[in-house]
Each structure stands twice: as C-alpha cells, then as structure tokens.
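K.L.:
fold the following.
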Amino acid sequence: MAHLLSLKYVTKHLFASYWYQIKEVMLSEPANVLEIGIGPNLVSSFLTQQHIRVVTMDKDMLLKPQLSGTVLHLPLKDMSFDTVMCCLVLEHLPFKEFNNCLRELYALIRLSAARFSRSKISLSVGRNR
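P.N.:
Numbers count the residues shown, from 1 in each chain. Sure thing, here's the model as predicted:
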C-alpha cells in the first residue's frame, strides 16, 4: 500500500478527486457508506472521522479492506447503505459490464421512505491520460 500513499500516485488531480468524493458523500448526510475501491483509504478515513459508518470493499486484500469483492460480484446481498461509492473503479472494467455494475450497485441502496431522497450512488471515472 505504500505506493498508493506516494506523491507519484496521489497527484494534485487525484487529491482533488478525493475532495469531490468526500463532498458528494457529505451532501447526502449518510449514516453509512459502502466504499468500493478504497485506494489509499483517504476518503474512508475522512468519512469515519465525521462519524459516518464506512464499510470498505476492494479486490486487493493488501489494501486491507473490510470486505473482499468486486463491483461485478458484490458479496453484500443482505446489506444496504445510504450511499454507495464506486469511484475510479469502473474505467478498469469492460464497457459491456457497465449495466451489470449499475444493477449491482443499485441493489445496495437503502430504499426506506424516510431516507429515499438522500440515498445515492456516487460514481466517478478517471480522466484520460
């Protein structure tokens, strides 16, 4: 994970992306969040410090996520979240899988009437290099 905390990896543009990810999540005022693709854990660390329950998931167990899995096969069928984050992940998958990924993500959103207007999926993709 050390390479993910280097300035070669966390560029000014990537750090700005993390800021926007945090901002979007905070605007939805969630009690809990699923972060898929955790990178250097900067986003989840910040959200946790804001007293938001964050569940982390990544296919790379060296990053020490709480759950192992991919956006194509989410191991969370019995769980739901106020906000699901899947940032800087989808661009690594074949385009033909995009609709399947969205269906998987949507299934995890909490649909209670009291929070429906604030439940959301937050997506972002990397910029062209």
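K.L.:
run a quick neighbour tally on Ser44.
P.N.:
Residues lying near Ser44 (other C-beta atoms under 10 Å) number 21. Heads up, the C-betas are built off the backbone N, CA and C, glycines and all.
K.L.:
equivalent analysis for Lys64, please.
P.N.:
11.
K.L.:
quick one, strands of this structure?
P.N.:
32-36, 53-58, 67-68, 83-87, 120-124 (DSSP state E).
K.L.:
which strands border the shortest one, and is each parallel or antiparallel?
P.N.:
Sheet pairing here is set by DSSP bridges, and for strand 67-68 it gives strand 53-58 (parallel).
K.L.:
what does the partner strand rub up against?
P.N.:
31-38, 41, 44, 47-48, 65-69, 74-76, 79, 81 (C-beta atoms under 8 Å, 6 or more residues apart in numbering).
K.L.:
on that earlier part again, for His13, find the nearest of the strands of the chain.
P.N.:
strand 120-124 (11.8 Å; C-beta to C-beta).
K.L.:
tell me the mean pLDDT over that closest one?
P.N.:
This predicted structure assigns strand 120-124 an average pLDDT of 70.
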